[in-house]
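> fold the stuff below for me.
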Amino acid sequence: MTTDPRYDGQPLLRLLELYVLWAIGELSQESEDGLKRIGPKLQSIYGGDGQWHDAIARSMHMPEEMPAAIRDMWARNLEIGRVNDVTLPPQKFAEMFVDENFRN
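Numbers count the residues shown, from 1 in each chain. Here you go, the predicted structure:
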């Protein structure tokens with residue numbers, strides 16, 4: 001998916017970011033298509049209902065309401081950015097969210 005050294009030795013990191021992008025409605029169609037193709041493989045590894053995002057959620061023991069919580073945080077961050085005349089790109093938000101909530 002990417003050759004960024006950020007993901008070296010951390011196979012779930014990029015998938016978690018893609019999960020966040022999916023939750024906020026900012027996942028590219030290209031990424032969505034690729035993730036749909038690997039959905040069955042992810043399901044065989046992590047479980048779930050066959051959808052890639054469900055497998056990722058199960059791998060991290062996320063609650064059902066996680067996508068809504070991510071969307072709420074995205075909306076709050078967009079508002080903070082608007083007030084401060086700063087643009088927060090979706091990918092940067094995804095990285096920040098994952099770093100804050102899923103990395104040790």
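> quick one: the helices in the chain?
11-23, 29-46, 52-59, 66-83, 90-101 (DSSP state H).
> Throw these into TSV and include distance to residue 5, mean pLDDT and mean neighbour count, thanks.
Any C-beta I mention is one placed from the backbone N, CA and C, and that applies to glycine too. Formatted as TSV, the helices of the chain follow (distance: least, C-beta to C-beta, whole Å; pLDDT from 0 to 100; neighbours: other C-beta atoms under 10 Å):
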stretch	distance to residue 5	mean pLDDT	mean neighbour count
helix 11-23	11	94	21
helix 29-46	20	94	14
helix 52-59	22	94	21
helix 66-83	25	96	14
helix 90-101	13	95	16
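> out of the ones you listed, flag the one nearest residue 3.
helix 11-23 (10.7 Å; C-beta to C-beta).
> ok so, going back, need the helices of the chain in a markdown table with distance to residue 4, can you?
Below are the helices of the chain laid out as a markdown table (distance: least, C-beta to C-beta, whole Å):
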| stretch | distance to residue 4 |
| --- | --- |
| helix 11-23 | 8 |
| helix 29-46 | 14 |
| helix 52-59 | 18 |
| helix 66-83 | 21 |
| helix 90-101 | 10 |
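> state the distance from the residue lying closest to residue 22 once chain neighbours are set aside to residue 82.
Of all residues not flanking residue 22 in the chain, residue 53 sits nearest, at 5.5 Å (C-beta to C-beta, 6 or more residues apart in numbering). Distance, residue 53 to residue 82, by C-beta to C-beta, to the nearest Å: 28 Å.
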